[in-house]
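Enquirer: what would the 3D arrangement of this be:
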Amino acid sequence: MLVRGRLLAPAWRTLRAAAPALHQGVRCGSAQVYDITAEDLPGDHVGGLYPHHIPTNTLQKVLLSAGSAVMSLYDPYRHDMIAVLGETTGPLALHRLHHKMSRDPEGKRILQERPRIRMSNLDIERFRELPDGTFGREYTRFLDVNDVTPDTRAPVKFVDDEELAYVAQRYREVHDLMHTLLGMPTNMLGEVVVKWFEAVQTGLPMCMLGAVFGPLRLSARRRKKLMELVPWAVQSGRNARCVLNFYYEKRWDQTVESLRAEIGILPPPTIKV
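Expert: Sure, this is the predicted structure:
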C-alpha cells in the first residue's frame, strides 16, 4: 500500500494530466481545443519550474513516453499525445536547439524576449488586409482555410528546465508557420511532409516518429505523392537555417517567397496535397 501511495497514484495523476483532452478537450478538425488553466490542475504544478510544469521522475517519464507513443501511432491527430512524447523524449534535441538559438543574434533575442504566438498577440484583421503573398496574409489564410488557431497548442508541462521549456513551446507555436512556409495543409499528407522537414531540422523524436510511421496512415495514391514530396522536404530541412532563429512576429509584412529564401526553404513542388 505504501508503494501504491507513493508511486502508482502520482504516476496516474501525471498520466491523466498529460491528456486533458480525454476529459476537457473537444475534437475540432485536426486540432484539440484546450480549456486549461493552472488552476484547473490543483497541486500538480506545485513546486514546478514554470506555470503548468509537472515534475516527473524517471518511471513516470517512461510511462508517459510509452503511452504517448502508442496513442500517437494509433491516432496521429492526437496532438496532445504527440506533444507529451516530444517533451519526455527530446531533452537532447532541445539542448541542441537552445544552443543554436543562443549563438544566433535573432535567436538570442527571441530567448531574451520570449514572444508567444497567440490570438491575443496577433492583429488578424490587419493581416487580412495585407497584400496576397505576404507572410501575415498567407498565415491568416492558412488559419481560416484549415479552421485552426494558435491557441489550440497545449502548454509545455514535462520539460524539467525552464529555458528548454520555452524552446519547446516556441517550436510548438511555430509549427503552423512551417505549414504556411512549406505550403502544406493540415491533412495527413501535409502533416507527414512537415514532420519530415522538422525531423531533419530539429531531431526531435516525435518528428522522426511522425515522419517514419505517418505514411502508414496514407492511401496508396497519397503515398505516391509523398515519395515525390519527401526528398524536397528533407533537402529543404538540410538547407534551411534553424527555423527557431527567426523572429516571425517582426516579419508579417515580408513576402513568403523572400522569407523562404532567407531561411533556405526550397520552392515547394507543384503537387496538389
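Enquirer: hey, where'd the helices end up in the stretch 1-150 of the chain?
Expert: Along the stretch 1-150 of the chain, counting by DSSP state H, counting those that start in this stretch, helices occupy 2-3, 9-18, 58-74, 79-89, 91-102, 105-113, 124-128, 135-146.
Enquirer: now do the buried residues in the fifth one.
Expert: By neighbour count, and taking 16 or more other C-beta atoms under 10 Å as the criterion, the buried residues in helix 91-102 are 93-94, 96-98, 100-101. Using the backbone N, CA and C atoms, a C-beta is placed for each residue, glycine as well.
Enquirer: counting by contacts, list what the longest helix anywhere in the chain packs against.
Expert: Looking only at the chain and at elements set by DSSP state H, the helix with the highest residue count is helix 220-239. Using 3 or more C-beta pairs under 8 Å, 6 or more residues apart in numbering; DSSP states H and E as the contact test, the elements touching helix 220-239 are helix 188-202.
Enquirer: got the angle between the helix it packs on and helix 79-89?
Expert: Regarding helix 188-202 and helix 79-89, their directions subtend 20 degrees when assessed with axes from the mean of the first three to the mean of the last three C-alpha atoms, to 10 degrees.
Enquirer: does anything pack onto helix 188-202? Which helices or strands?
Expert: Under the contact criterion of 3+ C-beta pairs under 8 Å, 6+ apart, the helices and strands touching helix 188-202 comprise helix 175-182, helix 205-213, helix 220-239.
Enquirer: now with 10 Å?
Expert: Helices and strands in packing contact with helix 188-202 are listed as helix 79-89, helix 91-102, helix 162-173, helix 175-182, helix 205-213, helix 220-239; criterion 3 or more C-beta pairs under 10 Å, 6 or more residues apart in numbering; DSSP states H and E.
Enquirer: closest one to I265 among the ones you listed?
Expert: Taking C-beta to C-beta as the criterion, I265 comes closest to helix 220-239 out of the helices and strands packed on helix 188-202, the separation being 4.9 Å.
Enquirer: pull the residues that contact that closest one.
Expert: The set of residues external to helix 220-239 that reach it, using C-beta atoms under 10 Å, 6 or more residues apart in numbering, is 181-182, 184, 187-190, 192-202, 207, 211, 214-219, 243, 260, 263-269, 271-273.
Enquirer: and the next helix or strand past that helix?
Expert: Stepping forward along the backbone from helix 220-239, the first helix or strand reached (DSSP states H and E) is helix 256-263.
Enquirer: can you give me the buried ones in that next one?
Expert: Neighbour-count burial for helix 256-263, counted by 16+ other C-beta under 10 Å, picks out 256, 259-260, 263.
Enquirer: swap in stretch 107-119?
Expert: Within stretch 107-119, judged by 16+ other C-beta under 10 Å, the buried ones are 107, 110-111, 117.
Enquirer: which residues does that stretch contact?
Expert: Contacting residues not belonging to stretch 107-119 are listed as 97-102, 104, 121, 139, 143, 149-153, 163, 166-167, 169-170, 172-177, 241-242, 244-250 [C-beta under 10 Å, 6+ apart].
Enquirer: now with 6 Å?
Expert: Outside stretch 107-119, the residues within contact range by C-beta atoms under 6 Å, 6 or more residues apart in numbering are 101-102, 149-151, 166, 173, 245, 247, 249.
Enquirer: low-confidence ranges in the stretch 51-200 of the chain?
Expert: 72-79 (pLDDT under 70).
Enquirer: returning to that earlier point: let's have the helices and strands packed on helix 188-202 in TSV, adding distance to F135.
Expert: Shown next, in TSV, are these (distance: least, C-beta to C-beta, whole Å):
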stretch	distance to F135
helix 79-89	23
helix 91-102	20
helix 162-173	15
helix 175-182	7
helix 205-213	23
helix 220-239	17
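Enquirer: which one, of those helices, ends up nearest to R126?
Expert: Proximity to R126, assessed across the helices and strands packed on helix 188-202 by C-beta to C-beta, is greatest for helix 175-182 (16.5 Å).
Enquirer: so which elements touch the closest one?
Expert: Packed against helix 175-182 by the contact rule (3 or more C-beta pairs under 6 Å, 6 or more residues apart in numbering; DSSP states H and E) you find helix 135-146, helix 188-202.
Enquirer: if you set the cut-off to 8 Å instead, what comes out?
Expert: If you count contacts as 3+ C-beta pairs under 8 Å, 6+ apart, helix 175-182 packs onto helix 135-146, helix 188-202, helix 256-263.
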